[in-house]
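# Provided below are the primary sequence and the corresponding predicted coordinates.
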Amino acid sequence: MRHRLRSVPLLWRVSLANATVLVVATTALVVAPGVTVSIPIKLTELVILVSGMVVMMVLSVLLVRPAFGPLHTVADAMRGWDPLAPGARVPVVGGPDVATLARTFNEMLERLEAERRESARQALRVQEGERTRVARELHDEVGQTLTAMMLQIESLAAKIPQELRDELDELRETTRLGATDVRRIAVRLRPEALEDLGLPSALSALATSFGEHAKLHIDRRLARVDALSEEQELVIYRVAQEALTNVARHARAGSVELSLEQAAGVVTLRVCDDGRGLPSDSPASTTGIRGMRERAMLIGAELSILSPERGGTEVILRVPLEER
């Protein structure tokens, strides 16, 4: 009986509840002895009428409320939907009207996620193309200019007086550091190791570079993984890069653990540090973490950012492998 009642449209359930209240009130008026209304109305009669109206309203609310319960459930699920956490769906509950609303909303979510994923994929291609162009210009133009300056400095070393040698050595060291920084930035913009050596080697090179630059000890546990697309490898690399950047800038950590493993059809990247942990405000509000979540959404991965009891921050990216 309850299942049949749930299958009744919402309009008819509300109408049935109101009709039930009216039938009960009418029956009470008919069978109740001595129920009359005088003109002008007496105080006792007014009390009886008001009491009857209150009872009718309470009874109507009690009968109608279950019909709107599933609607509130669907509304709460709609409010809690996060565009950066795809996959969540509204439960299909209630009568045919509410169930149709939930299914329609879920279909809209699927279209929105598909369009957002495609837009993010195109944006990623444009961004990586721009990174490649900037890295090439840094290497070919700025790098060559600094190399030419180094050669000019070396040619001047034998011609300038002895009292200017210290300034020349300082200029040589500044130019050398500038050339080193340009090469480091170019490598970060365009991960050539990812194309040439694969994901574990690229992550190892990234950890070495960050460890030397940020004076951090990075413990690497990088296993070989397979069946990853180029897009998935690039997202994993960029998430690891952003996580290490956040550690160097904000965490005040002394050591970091970088791990990559594959098990049960899922590739898992972990970046854990022993720093001061997450700030009091929401981590999703920062630009870097939002970028990581958008990249994870692009490949259908799950990104978790946690504050373990031992302290620090733990970034976990789980990438499901595509069946081939």
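Thanks, I have the structure now. Numbering: from 1, shown residues only.

# neighbours of the nearest residue to E261 once chain neighbours are set aside, just the number please.
Leaving out its chain neighbours, the residue that sits closest to E261 by Cβ to Cβ, 6 or more residues apart in numbering is A223, at 4.9 Å. All C-beta atoms are positioned from the backbone trio N, CA, C, and that covers glycine. Neighbours of A223 under the rule other Cβ atoms under 10 Å: 12.

# I figured A223 hits A263, correct?
No - between A223 and A263 there is no contact under Cβ atoms under 8 Å: 9.3 Å.

# ok, now which ones touch the residue nearest to E261?
P200, L260, E261, Q262 (Cβ atoms under 8 Å, 6 or more residues apart in numbering).

# For H3, report the pLDDT, please.
With respect to pLDDT, H3 has a value of 52.

# where does L317 land in three-state SS?
strand (DSSP: H, G, I helix; E, B strand; the rest coil).

# ugh, typo on my part, it should be D82
D82 ends up coil, using three-state DSSP.

# Just list the residues touching it, thanks.
The contact partners of D82, taken as Cβ under 8 Å, 6+ apart, are A88.

# let's see 7 Å
If you count contacts by Cβ atoms under 7 Å, 6 or more residues apart in numbering, D82 has none.

# Next one: the residue lying closest to A77 once chain neighbours are set aside, what pLDDT does it get?
Nearest non-adjacent residue to A77, counting by Cβ to Cβ, 6+ apart: V90, 4.3 Å away. Per-residue pLDDT puts V90 at 80.

# V90 should be in a strand, yeah?
No - counting by three-state DSSP, V90 is not part of a strand but coil.

# wait, what's in contact with it?
Here V90 is in contact with V74, A77, M78, A102, F105, N106 (Cβ under 7 Å, 6+ apart).

# Could you dump these into TSV with neighbour count and pLDDT added?
Shown next, in TSV, are the contacts of V90 (neighbours: other Cβ atoms under 10 Å; pLDDT from 0 to 100):
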residue	neighbour count	pLDDT
V74	20	78
A77	17	77
M78	13	76
A102	22	82
F105	17	84
N106	16	85
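
# Mark which of the residues you listed are part of strands, please.
Nothing among the contacts of V90 maps onto strands, per DSSP state E.

# Cross the residues you listed against helices and list the overlap.
Residues of those located in helices (DSSP state H): V74, A77, M78, A102, F105, N106.

# The fourth one and D82: what is the separation?
Okay, so that is A102. 18 Å (Cβ to Cβ, to the nearest Å).

# Which residue is the nearest non-sequential neighbour of R184?
The shortest distance from R184 to any residue other than its chain neighbours is 6.6 Å, reached at S209 (Cβ to Cβ, 6+ apart).

# No more questions from me, cheers.
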